[in-house]
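Colleague: next input, structure requested:
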Amino acid sequence: DKSAKTWRDLGFGSVLTHKKDGVARGSSAMVLLGDQNAQEMLLRTRCAAHYSFDKGSSTQDYPSSLMGSIALLRQSYLDGEWYQNSLRGVEYNLSLEAWNGLQKLPQIFDGGDRLSLLRADKVGDEFGVQYILKARNDVYQRIDEVKSTGAALIVPLNIPAPYDVENPFEADNVTLSDMMHWELAPSNLAVIEKAGISFAITPSELKDPGVDFYRNLRSAIERGLSKEGALKALTYTPAMLLGMQGELGSLDNGKIANFIITSGDVFDEKSILF
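Modeller: Numbers count the residues shown, from 1 in each chain. Below you'll find the predicted structure:
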């Protein structure tokens with residue numbers, strides 16, 4: 001209830017939730033944020049399949065590198081294909097049954113930085129999978145290459161904190177590239193929108209969503225993100241990417257009545273959320 005209230009206070013009526021741990025992370029669920037019984041708030045139990053290059057909390061030695069994670073993921077796809085085409089009906093494999101059972105869902109890859117996004121897309125291309133790529137705030141640095149993947153993006157709202165440069169010795173350790181990224185990162189969403197890439201916004205990486213969410217969103221709008229693009233990226237686009245636009249994401253007959261009322265423009269700092 002406490003966690004749900006945090007997101008409700010920001011205007012969210014539902015969240016996509018999954019266990020962010022491991023290379024193949026299983027499926028996610030769409031959960032409403034009301035205070036009714038849990039079974040009434042569970043809108044869909046299997047929304048998307050999730051992947052990353054980070055093995056997470058696994059105590060196994062392998063994989064111990066990015067190359068190992070890529071190899072493990074590729075082997076999983078090959079094993080799934082082999083099982084489906086050659087062994088299914090002859091031998092039952094619980095893990096590969098589960099793996100294959102997720103392949104028809106939307107596929108979301110927590111890619112990391114702008115270079116790992118491109119690596120993830122290459123893995124997907126090899127096996128005929130178009131990932132929805134969860135990015136970071138540095139997509140603007142490789143915008144043409146990222147656009148060429150054809151992938152929709154999930155983009156966090158976190159932006160770098162200002163560097164402490166009052167101490168000259170500390171200031172000397174801040175590189176020019178670090179300073180450039182601090183300056184340009186708030187423009188990340190505007191650059192993505194201008195490039196014509198379909199994107200959703202996530203506040204999931206924020207340390208303090210209650211403080212940072214609207215502040216960082218307003219900063220992105222000041223840097224060129226349109227208000228219409230911001231609203232779409234928080235409502236319709238996430239629902240569309242998950243194939244749930246018939247239930248969520250816009251106000252229409254028959255859809256779940258998730259909406260907010262504000263005293264003015266939702267992106268205005270003086271507006272009050274009711």
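Colleague: between the two ends of stretch 189-198, how far is it?
Modeller: This stretch, stretch 189-198, spans 11 Å end to end (CA to CA, to the nearest Å).
Colleague: and for stretch 158-166?
Modeller: Distance across stretch 158-166, first residue to last, is 24 Å (CA to CA).
Colleague: quick one: contacts of that stretch?
Modeller: 137, 170-171, 174, 178-179, 181-182, 185-186, 205-207, 212, 216, 219 (CB atoms under 8 Å, 6 or more residues apart in numbering). Backbone N, C-alpha and C define where each C-beta goes, glycine included.
Colleague: among the residues you listed, who's most crowded?
Modeller: With neighbours taken as other CB atoms under 10 Å, the top of those is residue 137, carrying 24 neighbours.
Colleague: residue contacts, that one?
Modeller: Per CB under 8 Å, 6+ apart, neighbours of residue 137: 155, 156, 158, 159, 160, 185, 188.
Colleague: out of these, which is most surrounded?
Modeller: residue 188 leads the contacts of residue 137 on contacts (other CB under 10 Å) with 27 neighbours.
Colleague: and that residue, what helix or strand is that in?
Modeller: helix 188-194 (DSSP states H and E).
Colleague: show me what the helix or strand just after that helix packs onto, helices and strands only.
Modeller: Next in sequence after helix 188-194, counting helices and strands by DSSP H and E, comes strand 199-202. Strand 199-202 sits against strand 153-156, helix 188-194, helix 227-234, helix 236-241, with contacts defined as 3 or more CB pairs under 8 Å, 6 or more residues apart in numbering; DSSP states H and E.
Colleague: cutoff 10 Å now
Modeller: Helices and strands touching strand 199-202, by 3 or more CB pairs under 10 Å, 6 or more residues apart in numbering; DSSP states H and E, are strand 14-17, strand 132-134, strand 153-156, helix 188-194, helix 209-222, helix 227-234, helix 236-241.
Colleague: which one of those lies closest to residue 265?
Modeller: Closest to residue 265 of these is helix 227-234 (CB to CB; 7.6 Å).
Colleague: what about the closest one, distance to the chain center?
Modeller: 15 Å (CA atoms, centre = their mean, to the nearest Å).
Colleague: what of stretch 13-25?
Modeller: With CA atoms, centre = their mean, you get 9 Å for stretch 13-25.
Colleague: what residues sit buried inside it?
Modeller: Under the neighbour-count criterion of 16 or more other CB atoms under 10 Å, stretch 13-25 has 13, 14, 15, 16, 18, 22, 23, 24, 25 buried.
Colleague: find the nearest non-adjacent residue to residue 96, please.
Modeller: Distances taken as CB to CB, 6 or more residues apart in numbering place residue 83 nearest to residue 96, at 4.1 Å, with adjacent residues excluded.
Colleague: who are the neighbours in contact with that neighbour?
Modeller: By CB atoms under 10 Å, 6 or more residues apart in numbering, the contact list for residue 83 reads 90, 91, 92, 93, 95, 96, 97, 99, 100.
Colleague: which pair in these spans the largest distance?
Modeller: 90 and 99 (17.3 Å).
Colleague: which of those two has more neighbours?
Modeller: Applying other CB under 10 Å to residue 90 and residue 99 shows that residue 99 carries more neighbours, namely 19 against 7.
Colleague: list the residues that contact that one.
Modeller: So residue 99 contacts 24, 26, 49, 76, 77, 79, 80, 83, 84, 93 (CB under 10 Å, 6+ apart).
Colleague: so it sits in a helix?
Modeller: Yes. Under DSSP: H, G, I helix; E, B strand; the rest coil, residue 99 sits within a helix.
Colleague: quick one: it from residue 24, how far?
Modeller: As defined by CB to CB, to the nearest Å, residue 99 lies at a distance of 7 Å from residue 24.
Colleague: overlap in contacts of the two?
Modeller: Common neighbours of residue 99 and residue 24 (CB under 10 Å, 6+ apart) are 49, 76.
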